[in-house]
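A.B. asks: Kindly return the folded structure for what I paste below:
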Amino acid sequence: TILDHQLCVSADAYLPVDDGLIPTGELRTVAGTPFDFRSEKPIGRDIGMADVQLDRANGYDHCWVLNGTGLRQVAELSHAASGRRMTVETDQPGLQVYSGNGFGGDSGDGIYPRYGGVALETQHFPDSPNQPHFPDTILRPGQRFSSQTIFSFAVA
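C.D. replies: As a prediction, the model looks like this:
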């Protein structure tokens, strides 16, 4: 599983979700919560804590509000046993972290355990069109959208 993988995310806040896993519109501080990855820690360290947000998603399936603007390093994922390390740079405002909560059955080409993978998805905030204080995602005629995300991999 990915529970022993170390994750660090440059974010002081995340977006809590409702029962349908749609952001509520609140930007909540990560300080003192299982969502605090500002310092590297194992993904599994707090995933089983009693927390309504973890209960709703059966783990992590939330968007972190990334610190800074422009292209910058926002996350690092590492696995000491294999020596693998991935860094994420982006110009996007959010990072959706999904900890494989829905795994645990036959996928058609193999069996994956719960927490059998992790996704780090750079993006704008989910439900942005319905949350006026979220960054604007409307692309109007004649406008152009571009974004950059860089995933870098290394092995120690």
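A.B. asks: Can you get me a residue count around the closest residue to A31 other than its chain neighbours?
C.D. replies: In space, A31 comes closest to D12 once its chain neighbours are excluded; the distance is 7.5 Å by Cβ to Cβ, 6 or more residues apart in numbering. For the C-beta atoms, the positions are set from N, CA and C on the backbone; glycine is no exception. For D12, the neighbour count with other Cβ atoms under 10 Å is 15.
A.B. asks: In contact with D12: list those residues for me.
C.D. replies: Neighbouring residues of D12 by Cβ atoms under 8 Å, 6 or more residues apart in numbering: T29, V30, A31, R38, V65, N67.
A.B. asks: does the fourth one count as helix, strand or coil?
C.D. replies: If I follow you right, that is R38. coil (DSSP: H, G, I helix; E, B strand; the rest coil).
A.B. asks: I'd like the numbering to begin with 9 instead of 1 from here.
C.D. replies: I'll keep to 9 as the first residue from here, and by that count the last item is R46.
A.B. asks: That one touches A21, doesn't it?
C.D. replies: No. Using Cβ atoms under 8 Å, R46 makes no contact with A21, being 10.6 Å away.
A.B. asks: So for these two, which residues contact both of them?
C.D. replies: V38.
A.B. asks: hang on, S155 packs against Q100?
C.D. replies: Yes. With contact defined as Cβ under 8 Å, S155 and Q100 form a contacting pair (5.9 Å).
A.B. asks: And the closest residue to N66 other than its chain neighbours, how far from D12?
C.D. replies: Of all residues not flanking N66 in the chain, N109 sits nearest, at 4.0 Å (Cβ to Cβ, 6+ apart). For N109, the distance to D12 equals 17 Å [Cβ to Cβ, to the nearest Å].
A.B. asks: gap between the most centrally placed residue in the chain and G150?
C.D. replies: Closest to where the C-alpha atoms of the chain average out (Cα atoms, centre = their mean) is V105, at 2.1 Å. Separation of V105 from G150 (Cβ to Cβ): 34 Å.
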